[in-house]
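Asks: Below are the sequence and a predicted model for it; my questions follow.
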Amino acid sequence: MTERELIQQQQELGDSRFLVTRSGKFFSAYGCGAFALARATGYRVMHRQRKGGNFVLTTGFPESHVGKVMEQIIAAGGKIDRQDDGSFVFSGIAKRRRWSPSPKKRRAGKTARAAKVRMTTACRL
């Protein structure tokens, strides 16, 4: 399955159910799923450039951590809705409080707030 198809599947699930799929020896989540997975596990959401100037938001983990990640999702208040060999769907990750940064924090010449707003426009978590 292509990355574009995975992103489309995540969009079809909406903002409340999140798809995590296996690609080789890693599991990955895209868009809203990446933010929800990061919220439950502490993993970082990556902004990856693609051909044509497009970008995708993604996070992932090695297959050896799948059990630990599922435990972290459940500990964060989520639940595993569906699971098979190559993917799983989870839900129930609650919305976080509004984020208010210190004005002194900087990231690549922009305020931390500007960077956060740009990254969260893909998802309504």
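Replies: Received it, and whenever you're ready, just let me know what you need.

Asks: So which residue is dead centre in the protein?
Replies: residue 34 (0.7 Å; CA atoms, centre = their mean).

Asks: Doesn't that residue lie inside a helix?
Replies: Yes - under DSSP: H, G, I helix; E, B strand; the rest coil, residue 34 falls within a helix.

Asks: my guess is it contacts residue 61, does it?
Replies: No - at 11.3 Å, residue 34 does not count as touching residue 61 under the criterion of CB atoms under 8 Å. Any C-beta I mention is one placed from the backbone N, CA and C, and that applies to glycine too.

Asks: re earlier: excluding chain neighbours, give the residue nearest to the residue nearest to the centre of the chain in space.
Replies: residue 59 (4.4 Å; CB to CB, 6 or more residues apart in numbering).

Asks: Quick one: neighbours of that neighbour, just the number.
Replies: Neighbours of residue 59 under the rule other CB atoms under 10 Å: 20.
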